[in-house]
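Engineer: starting from these lines, generate the structure:
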Amino acid sequence: MSENVITPEGAETVVAEAIVAEAVAARTYAIAADVNVRSGPGTSYSKVGRLSAGTRVTIQCQKPGETVTGPTGTSKLWDRIGSGRYVSDTYVRTGSNGYVAPRC
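Structural biologist: Numbering: from 1, shown residues only. Below is the predicted model:
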């Protein structure tokens with residue numbers, strides 16, 4: 001025997017919005033060319049890694065920093081891809097010249 005569950009009005013919308021938010025947060029972007037990963041938003045920060053072209057990254061947040069010219073143009077935006085891990089947005093194929101993630 002099945003049980004009928006009564007949910008508050010609008011509960012389905014809240015759940016759907018949460019699922020969409022999670023999917024957007026989990027979106028990944030391809031690295032356009034080999035790039036150094038830095039500890040902060042600029043080339044003067046220490047190198048903490050390297051990513052190869054085609055690697056996919058999740059952008060946690062973005063912040064302005066040193067202006068860099070890369071394969072997708074010139075920008076001062078830097079993408080945080082992990083704690084203490086930044087790459088210039090000009091090396092990430094986001095499809096946008098602006099913010100695609102929350103500001104750090």
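Engineer: neighbours around the closest residue to residue 51 other than its chain neighbours, how many?
Structural biologist: Using CB to CB, 6 or more residues apart in numbering and skipping the chain neighbours, the partner closest in space to residue 51 is residue 31 (4.9 Å). Glycine gets a C-beta too; all of them are placed from N, C-alpha and C. By other CB atoms under 10 Å, the residues close to residue 31 number 20.
Engineer: now do the contacts for residue 31.
Structural biologist: Residues in contact with residue 31 (CB atoms under 8 Å, 6 or more residues apart in numbering) are 51, 52, 53, 54, 55, 56, 57, 87, 91, 92, 93.
Engineer: most neighbours among those residues, please name it.
Structural biologist: Neighbour max across these (other CB under 10 Å) = residue 92, 30 neighbours.
Engineer: who's that residue bridged to?
Structural biologist: Beta-bridge partners of residue 92, counted by DSSP bridges, are residue 31.
Engineer: quick check: pLDDT value at it.
Structural biologist: Looking at residue 92, its pLDDT is 98.
Engineer: what strand or helix carries residue 95?
Structural biologist: Assessed by DSSP states H and E, residue 95 sits outside every helix and strand.
Engineer: give me the distance between it and residue 101.
Structural biologist: 13 Å (CB to CB, to the nearest Å).
Engineer: so the two - more neighbours on which side?
Structural biologist: residue 101 (20 against 8).
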